[in-house]
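Asker: Whatever this is, show me its structure:
(one chain, ligands or ions: 1)
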Amino acid sequence: MTSTPAPASAALFDRARAVTPGGVNSPVRAFAAVGGTPRFIRSASGAWLTDVDGFEYVDLVCSWGPMLLGHAHPEVQAEVSAAVARGTSFGTPTEPEVLLAEEIVGRTPVDAVRFVSSGTEATMSAIRLARGFTGRDKVVKFAGCYHGHVDSLLASAGSGLATLAVPGTPGVPASAAGETIVLPYNDRAAVDKAFAEHGADIACLITEAAPGNMGVVPPEPGFNGFLAQTCRDHGALFLSDEVMTGFRATRQGGWGLDGAREGWVPDLMTFGKVMGGGFPAAAFGGRRDVMTHLAPEGPVYQAGTLSGNPIATTAGLATLRLATDEVYAHLDRVATTIRDAASAALTEAGVPHVVQSAGTMFSVFFGAEPVRDFAGASRQDTGAFAAFFHAMLESGVYLPPSAYEAWFVSAAHDDRAVQTVLDALPGAARAAAS
Ligand code: PLP
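Answerer: You can find the predicted model right below:
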């Protein structure tokens, strides 16, 4: 599966493979799921990416979520430039950390947050805190939810009747995976059974607030509230991972889709992506009595040389301050327009598909049935997606290079960018049909 030749990208990819495993610093960037040469991006502005061959693409990846306002937003750039001029890292507390923490506490139900540098660090640290707080070791997660490359969370469901998980990759000790229980998403009976068997040993249940890492698979109505209640009934903590959904799915993140309305609150939450404004920043936060267990206030150790970095927190703060209700209304409109047009084009071309969303996040599954869990997501026609992907790329639209990913839009997706996507869809749908 190939697109128009991209000689400069191809040359860089060859050099990259000589010095970096697979030529990339995060696997999905390698185009392994769709074939062809990954595009090396030289610059980006607003909704557009420009690669090293000079091709331009409307970006529907947005750096895998962070670029809520679009690329190189002038006000964010100005704040960041001013921060860089003041110095890039001090290893001391700084004002932007306080301001960003206040902004996050203001938008979400957490009482306090601790900054880290990646979503992986956030979930890893939140789990340590949950274990330290409860004095228990086991963690429940759902198949298809991704929480970063934490050992105990790279676990797969054991076969047959086994409840305890097995390593999801070489390098994860069986002992680490063995503390994890992996369940099918949206399956209340499986949750009840796991808690009936292991409830007294479970430190926390972690879930994506609305999963986006197997494509977008929204929680069935009341599912997150049920999880929160189940955890409470068993003295476990409910950990809602909002690294992807936070400040993206809605102004209040995934929690704004259900918890805010239904009146339940996670014990712990994790954030990343948007809150770093394109820089490495993430956070975990939650109930005050849980967060006070963290060093230096409490006994659970956690630290980071670059945690709360002044440039990253400045970028995150500028992004969140500019992410007004109007921005979320715009994201909703753009997402709806693209989603509906993709569905219409695929229907016209006779390609079985299902479009699913959670707030402003959405994805297209290349299969006939609605998807409620990872087994459903796995029944897609990934070959049809690959053909669709390359046809979109040739028409100047950069989709996530995998059928198992959410599509992201930004405040900078204006009429010209959206029209480019709409114009590309019918041809790509025909390519997927053939
Ligand atoms: N949690 C969720 C829900 C994510 O989507 C991701 C990354 O995509 C992570 C955690 C890990 O974040 P990072 O890639 O910053 O380590």
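Asker: Can you tell me the element the residue nearest to residue 91 when sequence neighbours are not counted falls in?
Answerer: Nearest residue to residue 91 in three dimensions, chain neighbours excluded: residue 305, at 6.8 Å (C-beta to C-beta, 6 or more residues apart in numbering). For glycine as for every other residue, the C-beta is placed from the backbone atoms N, C-alpha and C. Using DSSP states H and E, no element contains residue 305; it sits outside every helix and strand.
Asker: correct me, but residue 305 touches residue 92?
Answerer: No - at 11.8 Å, residue 305 does not count as touching residue 92 under the criterion of C-beta atoms under 8 Å.
Asker: Could you pull up the residues touching residue 364?
Answerer: Residue 364 is in contact with 215, 339, 342-343, 346, 353-355, 407, counting by C-beta atoms under 8 Å, 6 or more residues apart in numbering.
Asker: For the ligand, tell me which of these show up nearby.
Answerer: Contacts with the ligand within these, counted by C-beta under 6 Å from any ligand atom: none were found.
Asker: Most neighbours among those, which one is it?
Answerer: Highest neighbour count within the contacts of residue 364: residue 215, with 30 neighbours (other C-beta atoms under 10 Å).
Asker: hang on, the earlier thing: the contacts of residue 364 in strands, which ones?
Answerer: Counting by DSSP state E, these place 354-355 in strands.
Asker: could the contacts of residue 364 go into a markdown table alongside distance to residue 165?
Answerer: Listed next are those as a markdown table, based on distance: C-beta to C-beta, whole Å:
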| residue | distance to residue 165 |
| --- | --- |
| 215 | 22 |
| 339 | 34 |
| 342 | 35 |
| 343 | 36 |
| 346 | 35 |
| 353 | 31 |
| 354 | 28 |
| 355 | 31 |
| 407 | 30 |
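Asker: Can you tell me which of the contacts of residue 364 is closest to residue 278?
Answerer: Relative to residue 278, the closest of the contacts of residue 364 is residue 407; by C-beta to C-beta it sits at 18.3 Å.
Asker: I'd like to check which residues are in contact with the closest residue to that closest one other than its chain neighbours.
Answerer: Excluding the flanking residues, the one nearest residue 407 by C-beta to C-beta, 6+ apart is residue 60, at 4.8 Å. Contacts of residue 60 were listed using C-beta under 8 Å, 6+ apart, and they are 338, 397-400, 407-409, 421.
Asker: Dump the residues you listed to a markdown table, plus pLDDT and distance to residue 127.
Answerer: As requested, the contacts of residue 60 are exported to a markdown table (pLDDT from 0 to 100; distance: C-beta to C-beta, whole Å):
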| residue | pLDDT | distance to residue 127 |
| --- | --- | --- |
| 338 | 98 | 35 |
| 397 | 98 | 37 |
| 398 | 98 | 33 |
| 399 | 98 | 32 |
| 400 | 97 | 27 |
| 407 | 98 | 29 |
| 408 | 98 | 26 |
| 409 | 98 | 31 |
| 421 | 98 | 38 |
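Asker: List buried residues within those residues.
Answerer: Burial by neighbour count, 16 or more other C-beta atoms under 10 Å: within the contacts of residue 60 this picks out 338, 397-400, 407-409, 421.
Asker: now the stretch 51-200 of the chain, which segments are flagged as low pLDDT?
Answerer: Low-confidence segments of the stretch 51-200 of the chain, defined by pLDDT under 70: 159-163.
Asker: can you list the residues of it near the ligand?
Answerer: Near the ligand, when you scan the stretch 51-200 of the chain using C-beta under 6 Å from any ligand atom, you find 64, 118-120, 123, 146-148.
Asker: Surely residue 248 is in contact with residue 65?
Answerer: Yes - Residue 248 is within contact range of residue 65, at 5.9 Å (criterion: C-beta under 8 Å).
Asker: Among these two, which residue is more densely surrounded?
Answerer: Each of residue 248 and residue 65 has its neighbours counted (other C-beta under 10 Å); residue 248 has more, 30 against 22.
Asker: For that one, grab phi and psi.
Answerer: The phi/psi pair for residue 248 (degrees, to the nearest 10) reads phi -130, psi -60.
Asker: residue contacts, it?
Answerer: By C-beta under 8 Å, 6+ apart, the contact list for residue 248 reads 65, 68, 273-274, 359-361, 408.
Asker: of all these, which comes closest to residue 327?
Answerer: The shortest approach to residue 327 among the contacts of residue 248 belongs to residue 68, at 7.3 Å (C-beta to C-beta).
Asker: SS state for the residue nearest to that closest one when sequence neighbours are not counted?
Answerer: Nearest non-adjacent residue to residue 68, counting by C-beta to C-beta, 6+ apart: residue 274, 4.8 Å away. For residue 274, the assignment made with DSSP: H, G, I helix; E, B strand; the rest coil gives helix.
Asker: One more: the one 10 residues further on?
Answerer: For residue 284, the secondary-structure state derived from three-state DSSP is strand.
Asker: now it: how far from the ligand?
Answerer: Remark: distance between residue 284 and the ligand (C-beta to the nearest ligand atom, to the nearest Å) = 11 Å.
Asker: following the one helix or strand residue 77 maps to, which helix or strand comes up?
Answerer: According to DSSP H and E, residue 77 maps onto helix 74-86. Moving toward the C-terminus from helix 74-86, the next helix or strand (DSSP H and E) is helix 95-107.
Asker: Would you mark the buried spots in that next one?
Answerer: 96-97, 99-101, 103-104, 107.
Asker: With just CA atoms, put it into PDB.
Answerer: The C-alpha coordinates for helix 95-107 follow below in PDB (Å, rounded to 0.1, in the frame of the first residue of the first chain):
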ATOM      1  CA  GLU A  95       4.200  30.600  39.300                       C
ATOM      2  CA  PRO A  96       3.000  29.000  36.000                       C
ATOM      3  CA  GLU A  97       2.700  25.700  37.900                       C
ATOM      4  CA  VAL A  98       0.300  27.200  40.400                       C
ATOM      5  CA  LEU A  99      -1.700  28.900  37.700                       C
ATOM      6  CA  LEU A 100      -2.100  25.800  35.600                       C
ATOM      7  CA  ALA A 101      -3.000  23.700  38.700                       C
ATOM      8  CA  GLU A 102      -5.600  26.300  39.600                       C
ATOM      9  CA  GLU A 103      -7.000  26.100  36.100                       C
ATOM     10  CA  ILE A 104      -7.200  22.300  36.100                       C
ATOM     11  CA  VAL A 105      -8.800  22.200  39.600                       C
ATOM     12  CA  GLY A 106     -11.300  24.900  38.400                       C
ATOM     13  CA  ARG A 107     -12.400  22.800  35.400                       C
END
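Asker: Now do the same contact list for the residue of the chain found nearest the ligand.
Answerer: Residue of the chain nearest the ligand, by C-beta to the nearest ligand atom: residue 119 (2.2 Å). Residues in contact with residue 119, defined by C-beta under 8 Å, 6+ apart, are 147-148, 241, 243-244, 270, 272-273, 282.
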